[in-house]
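# Quick one: sequence plus predicted model below, questions after.
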Amino acid sequence: MPGDAGNHPRALPPLFPTCERFLMLEKFHHTLPDGHQITLPRFENVPVGLIRRTRKLVGVDQAFTILEELLTEDDLTHLDLLDRNQFNELVTAWRDGSEIELGESTASSSS
């Protein structure tokens, strides 16, 4: 019921301010075919909370969910213009040089 704050879970702050903090660390830069530059944190600097929230998603769903959280609307508009090969080049370039890959974690290798 409205006004009955005691029975509602505490609202969590949005994740994006945390992501902005991570963007201050070493960054990945990639120029898209249309000349627009994408800037992301290196994959190993993506906030653990974002990885946790996407851990059960299949590869492409995880990639898009993470990118949608980290990129601006303008970046996403340019991302939407990519064909599949161009998108794969972006994700591959982002992953290269990182210590962690999409879909992998030390916690998931315990089988």
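Yep, that arrived.
# And the strands in the protein?
27-31, 37-41 (DSSP state E).
# So which of these is nearest residue 88?
Residue 88 lies closest to strand 27-31 among the strands of the chain, at 12.2 Å (CB to CB). In this view, the C-beta of every residue, glycine as well, is placed from N, C-alpha and C.
# now for the strands of the chain, which one comes closest to residue 81?
Closest among the strands of the chain, once you apply CB to CB, is strand 37-41, at 12.0 Å.
# With just CA atoms, put the closest one into PDB.
Extracted C-alpha coordinates of strand 37-41, given in PDB (Å, rounded to 0.1, in the frame of the first residue of the first chain):
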ATOM      1  CA  GLN A  37      34.100   5.700 -30.800                       C
ATOM      2  CA  ILE A  38      32.800   3.300 -28.100                       C
ATOM      3  CA  THR A  39      34.500   3.500 -24.700                       C
ATOM      4  CA  LEU A  40      34.000   0.700 -22.200                       C
ATOM      5  CA  PRO A  41      35.800  -0.400 -19.000                       C
END
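# what helices or strands is that strand leaning on?
helix 16-23, strand 27-31, helix 59-70, helix 73-79 (3 or more CB pairs under 8 Å, 6 or more residues apart in numbering; DSSP states H and E).
# Where does the prediction get shaky in the chain?
1-25, 97, 99-111 (pLDDT under 70).
# what about residue 90, how many neighbours?
By other CB atoms under 10 Å, 20 other residues sit near residue 90.
# if I read this right, it contacts residue 32, doesn't it?
Yes. In this structure, residue 90 is within contact of residue 32 by CB atoms under 8 Å, at 7.3 Å.
# Give me whichever of the strands of the chain is most buried.
Of all these, strand 37-41 carries the top mean neighbour count, a mean of 17, counting by mean count of other CB atoms under 10 Å.
# still on that earlier bit, got JSON lines for the helices and strands packed on strand 37-41, with distance to residue 43 too?
Output for the helices and strands packed on strand 37-41, formatted as JSON lines (distance: least, CB to CB, whole Å):
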{"stretch": "helix 16-23", "distance to residue 43": "11"}
{"stretch": "strand 27-31", "distance to residue 43": "8"}
{"stretch": "helix 59-70", "distance to residue 43": "9"}
{"stretch": "helix 73-79", "distance to residue 43": "16"}
